[in-house]
Structure formats: structure tokens, C-alpha cells
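Participant: okay, sequence plus prediction incoming.
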Amino acid sequence: MIQRPRGTRDFGPEEMEKRRCLEAIMRREAAVFGFREIATPIFEYTELFTIRSGPNIIEEIYAFQDKGGREIALRPELTAPAMRFYVNELSNSAKPLKMFYFGQCFRYERPQSGRFREFFQFGAELISNPGPESDAEVIALAASIMRRIGLKNYNIRVGHIGVLRNMLAEAGVDSEVAPLILQKLDKKEYDEARQRMRDADMEEEQIERVVDITNTVGPIDVLDKIEGDARDHLLGIFKILEAYGVTDIEVDLGVVRGLDYYTGMVFEIDAPVLGAEKQICGGGSYSLTEMFGGEKTFSTGFGIGFDRTLLALEKEGFEGPAHSMDVYVLPVGDACRQEAHRIAAELRLAGVRTDIDLMGRSLAKSMKYANAINAQRVVIVGEKELAQGAVTVRDMNAGEQRLVKREELLAKLGHY
RNA sequence: GCCGGGUUGGGGUAGCUUGGUUAUCCUGAGGGACUGUGGAUCCCUCGACUCGGGUUCAAAUCUCGGACCCGGCCCCA
């Protein structure tokens, strides 16, 4: 027996129906917001990802040399490929440019709950101007998706990377040291963050104020604690979101999202049912295009961890669509098989989901099978019926049946 | 990469402490009772000890190592 590689999964029919159902909702909502789908290759030059995230990530991705000696990596995320695509080929398209994508990504990490080596991400990127409208649009899409998929328990936290960055800059912290402090703050490792701030010659008062801001979580009023452009920007975003009906959000100035290329608003969504790996969405405004050789542009976007989101939904009782078949065609005896296939073909041509006995089973066994696949109707094709130019249509839910003229079959299927 | 717990037919499990006949039960799948009517019942069949080494007369059981899964740490773009 050959095992599946570590951290990968097979998806059976039930699972796939569930996944496609969820995927369809996300796609539809993105389209409703005016986003259009793009797709990029599963593998890219490794450089694309190290430019974005630093050389250390090579340890955590599937990176290898291909037969031509090229440094290749399976994509660990989709923002960088989307931006590479934009810089290469889409930069002259009309703005704002609204893109979404859905696809698998790969990371060479230790799998655990909600974490796989092959996983799926749904995401959207908006290339626009830096106004609060753009950020609000993206948050609104993410929030609307959460609502549409029916997830009951989740938190949307919105912050602004500029708040803490400016405080550190004003306190005279070197721009190379600041990210290290932010990193510690993001992980809520306050003692170490304090130590680093002391090392950067910040005064105790300033340090405590930074820690206090990092812990600032709550409704829009908490913005009263701060001032400046970042505050105005967040207020602008929240105002628009209110008009959009997105009110289940809170401010969290401690959302830092580690990396340097985030430029302003940042947000995260988590689903508490998931425990340790509870974050299901992350996003913000960022600047990547110039790293990829393009002009500096303002973009904002998010990525949703598809697998985790589904896991959260399942923990809340989501079961997905029940499998069913419209019609099961059941030939009685070998003499009727040819005609049964003709009938099945007719129904299928009309787009009716139709299954037919392929194993030459007895009537009783076939009925049992029809029941097992949750067939709504069974069309019994036997000599008795054919002699009258008719077939028997049985409603499997009501347990009733009647004779239907062969030529009226399609029209009468709905009400047997 | 680190720590801990696991792995028995397709799914769910008993057996493992204390090694010993044909590995338990439920479910599933195929066939039959039943060549004209499903969800029931009965019968038959299929199907498993994660892999490799060691100890032993004898290993699902004890032991070592690998793989994979689960929980946590690190990481999380």
C-alpha cells in the first residue's frame, strides 16, 4: 500500500460536495463585490517568495531545483504570485483592479489541527488608491463572506500598523530595531518587548504607553486614546463599514502582522472554536509591487484559510448539502435494458441527474440501491409498462407511484 | 526541529496490563432467501493487527527504530 505524503489529504465525494459548496459561496460573494477571479501557477521561482518574506522561509516551503537547475518553489501563499502577475501583465488594467483567487498552497511544516502541508486559500486583492474606502471594501468583503457561509462565532479585529510604528519612531527608535520590537508585541511577549524598548533608550513612560496601546481592543471609541493619521484613517474605514452594515468588528491596535510590507490597516479574523490554530483570515494594506520591479502601488487584500474555515463551520454543526439523485432508471429484466438506457439518455440530455442500474440487479435490490443514493424518483421500465407505451414513476419520498406515458415522462417527472 | 499520546477489515471498535487454538462486536460492500417494488429480517461471502528489526518454542500483545495521525511548543507569509 502506498501512503499519502505527510500533511496531505484525500477528499471523498461527501467532503468535496461540502468543500465546493463553501467555495461557491465565497466565489459568489467576491463576484457580488465586483472582484474577478485570477489563477497563477502552482509553482514559481523561489525568489518570488524570498523577496516577500525573507530567505528564512525556504526552510518552511517546498523548494527544490528542477531538471534545468532552476530554483523552484511550490507556492506557500497567493498574494505574492498575484502581485507578480499584476506587475508583469495587469498593471495597465483599469483601476481599481479587483481580483480574487482560490487554490492550494504548500508549506513544509509540521501538520497539526487545521494545519496541513497542502492547504487551500481563498483570497482577494484590491489595487486602488490609499483612501479608507479601499480598505473598507476589502474588510467588507471578508466580513460578508463570514456572514454568508453562516459561521456563527468569529471575531474581526482591525488595527493599523502605523500607530505603533509612529510611536516607536517618535520615541527615536531606529527603523531597523523597530520591527524586532513589533514582532515581540505581536506575540504578546511584553517582557521581552519592554527589554528591547529599554535597549533602544526609550523612557519607561513611553514604553508603558506602547504596551498599553498594543492591548487596546474594543469598539471604535477606544480610538480616543490615540491621535494622528492612523486614527483618522481607521475612523474613516469604520464609518464606511457602518454604511455597509458591517458592525461586528472591533479595533485591535495590537494587530501587527509581523512583516514589513504592511503599510497601514491590518486585520485578522479568528474562530474561537478552533483553539490554538484559530486564525482563519488575515489581511491588510501593503506595498509589494515595487519589490517585484513594478511601480509603487497601493494594494490591500486578505487571505482566508479555507480548510480552517470549513473546520470551524463543521465544529458548529455545518453538514453540507445532502447528496441526492433526481431519477434512478430501473430496468426490469434484460429485455428492457436497451429501452431503459434510451430513457436515461433522454433525461440526461434534458439535464436531469439520472442514474441507471449497471449491475443487472433484481428489482428489490435496485430499489434498495435507489434508496441508498437518495433518488427522488425511480422510473421502472418493465415489459408490463412498455406494452402500454408507458413507464412507472415512483416517488421515493411519498412512496407512491403511477403509470406515465413514455412521451410525457420528462414533463411529468416533477409531479410523478 | 522539540515534548507527549496514538495506529486492529472501507468506517467505528474488543483483545494488549498477565505473549498461547481459527482475532471480538457493530457497520459497510457483494450475493442469496425474493426474476415486479426501497428503508426490515435471516443466511452466505469479502475484508484488518502501520512498516521493519529484536526477544521468544510462540508476538496484535514485550522491545528498538521508521512512517503516518492526534494534542501541545517553535513557526505561522
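Facilitator: Received the coordinates, thanks.
Participant: just want the most central residue of chain A.
Facilitator: Centroid-nearest residue in chain A: residue A:122, 3.1 Å away (criterion: C-alpha atoms, centre = their mean).
Participant: next, the contact list for it, please.
Facilitator: A:23, A:26, A:100-102, A:145, A:303-304, A:306 (C-beta atoms under 8 Å, 6 or more residues apart in numbering). C-beta coordinates here come from the backbone N, C-alpha and C atoms, glycine included.
Participant: can you tell me which residues contact residue A:231?
Facilitator: A:160, A:163, A:223.
Participant: then residue A:137?
Facilitator: By C-beta under 8 Å, 6+ apart, the neighbours of residue A:137 are A:33, A:126, A:128.
Participant: I'd assumed the residue nearest to the centre of chain A was in a strand, is it?
Facilitator: Yes - according to DSSP: H, G, I helix; E, B strand; the rest coil, residue A:122 belongs to a strand.
Participant: show the contacting residues for residue A:38.
Facilitator: Going by C-beta under 8 Å, 6+ apart, residue A:38 touches A:82, A:85, A:99-101.
Participant: same question for residue A:29.
Facilitator: Per C-beta under 8 Å, 6+ apart, neighbours of residue A:29: A:141, A:144-145, A:148.
Participant: out of these, which end up buried?
Facilitator: Among the contacts of residue A:29, those classed as buried by neighbour count (16 or more other C-beta atoms under 10 Å) are A:141, A:144-145.
Participant: of those, which belong to strands?
Facilitator: Applying DSSP state E to the buried ones among the contacts of residue A:29, no entry is found in strands.
Participant: redo those as TSV? Include pLDDT.
Facilitator: Listed next are the buried ones among the contacts of residue A:29 as TSV, based on pLDDT from 0 to 100:
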residue	pLDDT
A:141	98
A:144	97
A:145	97
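Participant: tabulate the residues you listed (TSV), appending distance to RNA strand B.
Facilitator: Listed next are these as TSV, based on distance: C-beta to the nearest atom of the strand, whole Å:
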residue	distance to RNA strand B
A:141	18
A:144	21
A:145	18
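Participant: quick check: the residue of the stretch 101-250 of chain A nearest RNA strand B.
Facilitator: Relative to RNA strand B, the nearest point of the stretch 101-250 of chain A is residue A:113 (2.7 Å; C-beta to the nearest atom of the strand).
Participant: identify the residue nearest that residue in space, chain neighbours excluded?
Facilitator: residue A:277 (5.5 Å; C-beta to C-beta, 6 or more residues apart in numbering).
Participant: quick one: secondary structure of residue A:397?
Facilitator: Look at residue A:397: counting by three-state DSSP, its state is coil.
Participant: ok, it - contacts?
Facilitator: Contact analysis of residue A:397 by C-beta under 8 Å, 6+ apart lists residue A:376.
Participant: backbone phi and psi for residue A:255, please?
Facilitator: Reported as degrees, to the nearest 10, the phi and psi values for residue A:255 are phi -70, psi 110.
Participant: leaving out chain neighbours, which residue sits closest to it?
Facilitator: residue A:159 (3.5 Å).
Participant: which SS state does that neighbour fall under?
Facilitator: strand.
Participant: so where's the stretch 251-400 of chain A shaky on pLDDT?
Facilitator: A:258-259 (pLDDT under 70).
Participant: tell me which stretches of it form helices.
Facilitator: All helices of the stretch 251-400 of chain A, identified by DSSP state H, counting those that start in this stretch, fall at A:306-315, A:337-349, A:363-372, A:383-387.
Participant: of those helices, flag the one that's most buried.
Facilitator: Ranked by mean neighbour count, these are led by helix A:306-315 with a mean of 20 (mean count of other C-beta atoms under 10 Å).
Participant: how far does that helix sit from the chain's center?
Facilitator: 10 Å (C-alpha atoms, centre = their mean, to the nearest Å).
Participant: so what are the structural domains in chain A, by residue number?
Facilitator: A:13-315, A:325-412 (automatic domain parsing).
Participant: ok, the shortest one near RNA strand B or not?
Facilitator: Yes - using C-beta under 7 Å from any atom of the strand, domain A:325-412 comes into contact with RNA strand B via A:332-333, A:359, A:361-365, A:367-372, A:380, A:382-385, A:392, A:394, A:396-397, A:399, A:401.
Participant: chain center to that domain: distance?
Facilitator: That offset, for domain A:325-412, works out to 40 Å (C-alpha atoms, centre = their mean).
Participant: measure that domain end to end?
Facilitator: Criterion C-alpha to C-alpha, to the nearest Å; first-to-last residue distance in domain A:325-412 is 17 Å.
Participant: one more: stretch A:92-111?
Facilitator: With C-alpha to C-alpha applied, stretch A:92-111 spans 41 Å between its terminal residues.
Participant: what do you get for stretch A:118-136?
Facilitator: 31 Å.
Participant: may I see the buried residues of that stretch?
Facilitator: Going by neighbour count (16+ other C-beta under 10 Å), the buried part of stretch A:118-136 is A:118-128, A:130, A:132, A:134-136.
Participant: what do you get for stretch A:398-408?
Facilitator: Counting neighbours by 16+ other C-beta under 10 Å, stretch A:398-408 gives A:401, A:404, A:406 as buried.
Participant: what's the most distant pair in the buried residues of stretch A:118-136?
Facilitator: Maximum pairwise distance in the buried residues of stretch A:118-136, criterion C-beta to C-beta, is 36.7 Å, between A:118 and A:132.
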